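[1] Fold the following and give me the result.
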Amino acid sequence: MEWVEAVLRELSEEETVRFVMGVWAVWEVRNGVVFEGRDVQLRRVVARVRELLKEMEEVEVAAVEQRTRREQGERGTRPGEVRGWQKPSHGLVKINVDAGVKEGDEMGIGVVCRDENGTVQWGWAKRRREEFTARVAEAEAVLVGLQLAKRMKVRDICVEGDCKELIEALQHGHTGRSDFHVVIEEINLFCRNFNSVFWSFSSRNFNLIAHELAHFCKVGGSLFFDDSTIPSRIVDLGAADLNGRM
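    Sure, this is the predicted structure:
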């Protein structure tokens, strides 16, 4: 402990972060040696440090962007800024997804599919007892949306959500070893079931149907609807956000 304290006193803030990441990577490799009989490879330690630093930087960038978006939202929409839910390109359907995480172990998922005219085709809502971080929950919502799209025999889709970190990870093929990146890998593999998949980011203000559905059910409950059984609340939200009146 004296050695660690002496080292930390001489390091800058950035160097301290790298030191801690290095210690964490060494501990992971040590566990692999002790419990799994792996060989010690220095390059694995170095690669893991770089990977952890990259993931940390991505989280920091996402936090700054989220704070900026929140501040812009508080000031209101800027002149010339697009308002309302945006229709997908011709030949595509848009699947909006969202996840709602409450303190404890509750998670809700909302999925809604709309055609190129903005008409709601089908949707799904479920709340279950499961503990996820917010970004892992958002990734799970995308995976559920893709699974439903396959079941509904949709082949060309645009998936839209309000978690920018997630959408950028999917757009740019980010990789990693965290729980978040494990779900990202599952999503990428599942996309093979479609002819084409596009990713789109939307602010929370224009992802309201999926957000509403993510909080629609009580714990343990679920709801599926098609174009003939749409709840009136969803109909109203669809008409409002399509015209930018939210």
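[2] can you tell me the average pLDDT over stretch 23-34?
    In this model, stretch 23-34 has an average pLDDT of 78.
[3] what does that stretch rub up against?
    Arg38, Asp39, Val40, Gln41, Arg44, Val45, Val46, Arg48, Val49, Leu52 (CB atoms under 8 Å, 6 or more residues apart in numbering). C-betas here are computed from N, CA, C, even on glycine.
[4] How about stretch 226-242?
    84-85, 112, 114, 118-123, 205-206, 208-209, 212-213, 223, 225, 246.
[5] and that stretch, what's its mean pLDDT?
    87.
[6] can you give me how far it is from the chain middle?
    24 Å (CA atoms, centre = their mean, to the nearest Å).
[7] what does stretch 130-148 give?
    Distance, stretch centre to chain centre, for stretch 130-148: 7 Å (CA atoms, centre = their mean).
[8] I'd like the numbering to begin with 18 instead of 1 from here.
    Right, with 18 as the first residue, what we last looked at is stretch 147-165.
[9] Residue ranges of each domain in the protein, please.
    19-92, 110-259 (automatic domain parsing).
[10] End to end on the longest one, go ahead and measure it.
    Taking CA to CA, to the nearest Å as the measure, domain 110-259 stretches 15 Å from start to finish.
[11] same thing with stretch 239-254?
    In terms of CA to CA, the two terminal residues of stretch 239-254 are separated by 20 Å.
[12] Likewise for stretch 20-40?
    13 Å.
[13] and the nearest residue to Asn224 once chain neighbours are set aside, how many neighbours does it have?
    Excluding the flanking residues, the one nearest Asn224 by CB to CB, 6 or more residues apart in numbering is Asp179, at 4.4 Å. When neighbours are defined as other CB atoms under 10 Å, Asp179 has 22 of them.
[14] Glu177 should be in a helix, yeah?
    No. Glu177 is assigned strand when assessed by DSSP: H, G, I helix; E, B strand; the rest coil, not a helix.
[15] wouldn't the residue nearest to Asn224 be in contact with Ser217 here?
    No. Shown here, Asp179 and Ser217 do not form a contact pair, counting by CB atoms under 8 Å, at 10.2 Å.
[16] Where does pLDDT dip in the protein?
    58, 61, 73, 75-100, 120-121, 260-263 (pLDDT under 70).
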